[in-house]
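Asks: Predicted structure and sequence below. I'll ask about it afterward.
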Amino acid sequence: PTSNELKFVFSAARINPTEEQPLYAMVTFLGGGDDPELSFWAKYGALLTRTILFSLAIASLTGLIIWAGFTRRVNLAAASVRRYKTGTNGVKIEDNSHDELSHVAHAFNEMVDRVNGMMDELVLKEKSRGELVATVSHELQTPLTVIQGNIETLVLHQDQIDAETMRHKLRTIHNQIKHLSNLIGDLATISILDTGQMKISTEPFLLSELAESTIEEFEKFLGEKHLTVVRQFQQPPEPVEADPIRIRQVLRNLLSNAIKFTPEQGTITLATRVTALTIEFSISDTGIGIPEHETKHIFTSFYRSQKSNTQKVKGTGLGLAICRKILKLHESELSVQSTEGAGATFSFGLRRYTSTN
C-alpha cells in the first residue's frame, strides 16, 4: 500500500498466522520525503560558508592592519635609535600605547634622559673645570705679583728704603703669603669635598664650647676692629652629634666673614637654640649685608659679592661653599638672611646627641 499524502511506501505481513490475535511486521521505505540533514545544509550551508569566509576575511584584514601598525612603530623606534646613535640630541620614541613595544619605548626614553643628564653634567663639569683653572690662576697671580713687586723693590732699592717703608713692604708680603696659604688650603678642601673623599667622624660635644674656643682664635682681629661679641647660648648647654674638626672649620669661616664685613665698633652675635631634634646655631653681624639678588650665589665657589669687591675685602671666595658642603655631610643646610646695609645672619642645625645615637 502507498500513501500519496505522506509520500512514502510501506509493506506489512502477518507474522503469527496460527494465533487468534494477529501480529504484523511493517517495513517503511522513504520515498520522496526530505532528508533532515540534506535539508539543513540545503537551507543554511551557503550562509554558513559565506559567514566563515567573511570572518576569515575580516580577521585577515584586522591582522594586516595590526601588523602594519606594529611594523610602523618598530620602524619609527629603529629610526629614533639610529638618529640617537648619530649624536642627535632630544631624540624620543613617541608611543602612547600600552603594550610591550610601548614599554620598550618608555625604557629607551628613560635611558636617553639619563644619558643626556650625564652628558650635560659632564659638559657642566668641564666648563666648571675651565672656569676653576682661570679663577685659580687669577687668584694666584694677584698675590704673587704683589709679592714679586715688593721683593724686587727691597732687593733693588734696599739702600734708599727707610725702616718704616721696609716694615710696611714686609708686612704686605707676609699678608699675601697668608692669603696664598689660605687659598691653597681652601682649594685642597673643596677638591676633597667635590670628589666625595671627605669622611666625617662624629662624636658628642658642646657647640657653645666649640664656638667659644673659635672666638679665642680671632681675639686679635676682633680687638683690631674693636668689635663686640655677644653670646646667646641656651642654658644648660646640650651636646650635638657631629664632627668637631669640620664644624670648627665651619665656625672659623663664618666668624672670619663676620669680622671682615663688619665695620669698626660693630657687633657680632653668636647664638644657639634647642629644638626637638637639633641644636640651631646662628651668627649675626652688623656689617654691610648682602644684596637680595646675590644671596643665591654666595655659596658658589669663588663667588665674590659686589659689596666685598667695593669694600676691598680679601678672601678666596671658597669659604661659604666649603661650609655648605661640610654641613651637607652632616645632613644639615646653611641658610642666610640679610638686609643690605644692615648685616647678615647665617644659621644651621646639628643633630642633638642622645644615648641612642
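Replies: Looks like it came in fine. No experiment lies behind these values; they were computed from the predicted model shown.
Asks: can you pull the buried residues of the helix or strand hosting residue 223?
Replies: Per DSSP states H and E, residue 223 falls inside helix 219-224. Within helix 219-224, the residues that qualify as buried are residue 222, counting by 16 or more other Cβ atoms under 10 Å. C-betas here are computed from N, CA, C, even on glycine.
Asks: what about it, average pLDDT?
Replies: Helix 219-224 comes out with an average pLDDT of 90.
Asks: And for stretch 296-316?
Replies: Mean predicted confidence for stretch 296-316 is 63.
Asks: picking that back up, now for the helix holding residue 223, which elements pack on it?
Replies: The contact analysis (3 or more Cβ pairs under 8 Å, 6 or more residues apart in numbering; DSSP states H and E) places helix 219-224 against no helix or strand.
Asks: Tell me which residues are up against that helix.
Replies: Contact with helix 219-224 is made by 215, 229, 259, 268, as judged by Cβ atoms under 8 Å, 6 or more residues apart in numbering.
Asks: What about those, which one has the most neighbours?
Replies: Of all those, residue 268 has the most neighbours under the rule other Cβ atoms under 10 Å, reaching 24 neighbours.
Asks: Can you tell me how far that residue is from residue 229?
Replies: In this view, residue 268 and residue 229 are 5 Å apart by Cβ to Cβ, to the nearest Å.
Asks: swap in residue 62?
Replies: From residue 62 to residue 229 the distance is 85 Å (Cβ to Cβ).
Asks: Could you do residue 259 as well?
Replies: Taking Cβ to Cβ, one finds residue 259 at 10 Å from residue 229.
Asks: In a helix, residue 272, correct?
Replies: No - assessed with DSSP: H, G, I helix; E, B strand; the rest coil, residue 272 is strand; it does not lie in a helix.
Asks: Contact partners for it?
Replies: When the contact criterion is Cβ under 8 Å, 6+ apart, the partners of residue 272 are 207, 208, 211, 232, 233, 234, 237, 279, 280, 281, 282.
Asks: Can you read off the pLDDT for the residue nearest in space to the middle of the chain?
Replies: Geometric centre of the chain, nearest residue: residue 117, 10.1 Å, by Cα atoms, centre = their mean. Predicted confidence (pLDDT) for residue 117: 77.
Asks: what's around residue 263, how many residues?
Replies: With other Cβ under 10 Å as criterion, residue 263 counts 13.
Asks: Which residue is the nearest non-sequential neighbour of it?
Replies: Closest residue to residue 263 apart from its sequence neighbours, by Cβ to Cβ, 6 or more residues apart in numbering: residue 287 at 6.8 Å.
Asks: State the number of residues packed around the one you found.
Replies: Around residue 287 there are 25 other residues, counting by other Cβ under 10 Å.
Asks: circling back to that earlier point, the residue nearest to the centre of the chain: helix or strand, and which one exactly?
Replies: Taking DSSP H and E as the criterion, residue 117 maps to helix 100-156.
Asks: Which strands and helices lie in contact with the helix or strand following that helix?
Replies: Counting by DSSP H and E, the next helix or strand C-terminal to helix 100-156 is helix 163-194. Applying 3+ Cβ pairs under 8 Å, 6+ apart, one finds that helix 163-194 makes contact with helix 100-156, helix 319-329.
Asks: For my notes, please list the ones you listed in a markdown table and give distance to residue 72 for each entry.
Replies: Below are these laid out as a markdown table (distance: least, Cβ to Cβ, whole Å):
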| stretch | distance to residue 72 |
| --- | --- |
| helix 100-156 | 11 |
| helix 319-329 | 49 |
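Asks: Helices of the stretch 251-357 of the chain, start to end?
Replies: For the stretch 251-357 of the chain, the helices defined by DSSP state H, counting those that start in this stretch occupy 306-310, 319-329.
Asks: measure the spatially closest residue to residue 335 that is not a sequence neighbour to residue 337 for me?
Replies: Excluding the flanking residues, the one nearest residue 335 by Cβ to Cβ, 6+ apart is residue 347, at 5.6 Å. Plainly put, residue 347 is 8 Å away from residue 337 if you go by Cβ to Cβ.
Asks: If anything else comes up later, I'll come back, but that's it for now.
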